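> Task: produce atomic coordinates for the following.
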Amino acid sequence: MRDITIALAKGRLAKKAMEILAQAGICCEEMNEKNTRKLIFRNDELGIRFFLAKANDVPTYVEYGAADIGIVGKDTILEENRRLYEVIDMNIGRCRMCVAGPPDARSLLGSGKLIRVATKYPKIAKDYFYNQKHQTVEIIKLNGSIELAPLVGLSEVIVDIVETGSTLRENGLEVLEEIVPLSARMVVNQVSMKMEKERIGGLIAAIRAELEKQAKEEE
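Here you go, the predicted structure:
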C-alpha cells in the first residue's frame, strides 16, 4: 500500500493545520523534532507522508501528483489556478483580499479611468478588475511592502491581503472594496481522489468531523 502524501504551506499555517490533523487522529511525531533537517516526515502506522513547501508551490505539487493532498491559503489557490479539487475550508488563517488605497482613490474605482494597481497577486487583481468590475487597469507586480506603492505614487490603489487593517490605517490607507474572503483550504489531486477514494475520503471525513466539533465548542 503506497503512502498518502500531504504538502503543507510552511509557517503558521502548517503549525495550525497539524494541530487540527492531530486532533483528528492524523499526527506525525517526527515533525515535532526540533532542529531536524528532514524534508519528508512519515507516520508509518497510518501510511502518510508530510512535507513542507513554499505556499506558492503547494498547488503545483498537488496538481502534478507529487502530493495527494495540500493545505494552503485560498489566495494561493486563486493565484496559482491549478487543476485540483478544493474539499475543505480549514477555518484557519482567516483574512480578506481587498482593494485598498487613500480615501480619495475610491472615486477612481468604476470611473472608467485607467488606474495603476500594485499587487503581489496579479492574476487575482486582473480577474477582479477585468471580469468583475469591467475596468481596464495597469497591473504592477511587487514582492515587498505593497502599501508603499500609493504612498510614493507608483499606483493609485493596491490589491492585497488584509487581516486587521492596522498597517493600512497607520499609512493613511483604507479598504476600498473587498474582493474575496480567504482562509486555508484542503485541496486534493484529481487522480488521487479517484484512485485512493476510500483512504482520502476517510481522511476528509475525520478532518470535517473535527472541524464541526470545534465549531460546536465555540458556539
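
> the domain parsing of this structure - what is it?
4-93+183-218, 95-182 (automatic domain parsing).

> pLDDT on the last one, on average?
What domain 95-182 shows for mean pLDDT is 95.

> so how far is that domain from its chain's centroid?
Here the centre of domain 95-182 is set off from its chain's centre by 18 Å, with Cα atoms, centre = their mean, to the nearest Å.

> Which other helices and strands does the top helix by length along the chain contact?
Looking across the chain with DSSP state H, the single longest helix is helix 197-218. Judged by 3 or more Cβ pairs under 8 Å, 6 or more residues apart in numbering; DSSP states H and E, helix 197-218 is in contact with strand 4-9, helix 12-23, strand 85-89, strand 184-188. Just so you know, the C-beta spots here come from the backbone N, C-alpha and C atoms, and that holds for glycine as well.

> Tell me which of these sits nearest to residue 151.
Residue 151 sits nearest to helix 12-23 of all the helices and strands packed on helix 197-218, at 27.4 Å, using Cβ to Cβ.

> neighbouring contacts of that closest one?
Contacts made with helix 12-23 from outside it, assessed by Cβ atoms under 8 Å, 6 or more residues apart in numbering, are listed as 8, 27-28, 31, 50, 52, 55, 71-73, 90, 92-93, 184, 207, 210-211, 214.

> Now render the domains of the chain as a markdown table, adding mean neighbour count.
Conversion of the domains of the chain to a markdown table gives the following (neighbours: other Cβ atoms under 10 Å):
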| stretch | mean neighbour count |
| --- | --- |
| domain 4-93+183-218 | 17 |
| domain 95-182 | 16 |
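
> now the helices for this protein?
For the chain, the helices defined by DSSP H cover 12-23, 58-63, 74-80, 122-126, 148-151, 166-170, 190-195, 197-218.

> what's the angle from the first one to strand 184-188?
Here helix 12-23 runs at 70 degrees with respect to strand 184-188, directions being taken by axes from the mean of the first three to the mean of the last three Cα atoms, to 10 degrees.

> ok, residues contacting the longest helix of the chain?
So helix 197-218 is in contact with 4, 20-21, 23-26, 47, 68-69, 87-88, 90-91, 186, 188, 192-193, going by Cβ under 8 Å, 6+ apart.

> how about a cut-off of 10 Å?
Residues from elsewhere that reach helix 197-218, judged by Cβ atoms under 10 Å, 6 or more residues apart in numbering: 1-2, 4, 6, 17, 20-26, 46-48, 68-69, 71, 85, 87-92, 186, 188-189, 192-194, 196.

> what does stretch 59-66 give?
By Cβ under 10 Å, 6+ apart, the residues outside stretch 59-66 that reach it are 5-7, 9, 51, 53-54, 57, 67-72, 76-86, 186-192, 195.

> confidence score at the residue nearest the centre of the chain?
Most central in the chain under Cα atoms, centre = their mean is residue 73, positioned 1.2 Å from the mean C-alpha point. You'll see residue 73 listed with a pLDDT of 97.

> likewise residue 198?
94.
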